[in-house]
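In: Any chance you could fold what I've pasted below:
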Amino acid sequence: MICPKCHAEYFEKIKQCGDCIVDLVDASSIDLPIPEMTWVPLKPIHGSIYAEMIIEILNKEEIPHYAKNDWSSAALSTGGTELVNNIVRIFVPKNFQEKADHLFKNIYGE
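Out: The predicted model follows:
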């Protein structure tokens, strides 16, 4: 459920927005504006296992992201940490960059 005025999200059992005092509507019944985001890359990651670890932490911290594999590992369905030139790039919105960089350094180092 979502407030049609302020776009705050609520659980299904709640029927009225606590801030706006208006009835909530089903989220799929209104067109929400899609915010414009500037995506910035984190440092390249050598090895898909490390990338998966970082992606798991980004998911846990609810940081939007997407990852791009290099062509050879994506096309050939190869994996592992020891493949030559197996590079994964992870992109996050610019306003999450500082937090994502901090998490990245905790896992992958400088």
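In: Need the phi and psi values for the spatially most distant residue from the centre of the chain.
Out: Most distant residue from the mean C-alpha position of the chain: residue 21, 31.3 Å away (C-alpha atoms, centre = their mean). Backbone torsions for residue 21, taken as degrees, to the nearest 10, come to phi 50, psi 50.
In: What's the separation between it and residue 15?
Out: Counting by C-beta to C-beta, to the nearest Å, the separation of residue 21 from residue 15 is 11 Å. For every residue, glycine as well, the C-beta is placed using N, CA and C.
In: and the longest strand belonging to the chain, which residues are buried?
Out: In the chain, with assignment by DSSP state E, the single longest strand is strand 87-93. Of the residues in strand 87-93, 87, 88, 90, 91, 92, 93 count as buried by neighbour count, 16 or more other C-beta atoms under 10 Å.
In: how does the chain divide into domains?
Out: 1-34, 39-108 (automatic domain parsing).
In: Could you dump those into CSV with mean pLDDT added?
Out: Formatted as CSV, the domains of the chain follow (pLDDT from 0 to 100):
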stretch, mean pLDDT
domain 1-34, 82
domain 39-108, 82
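In: I am finished for the moment; much appreciated.
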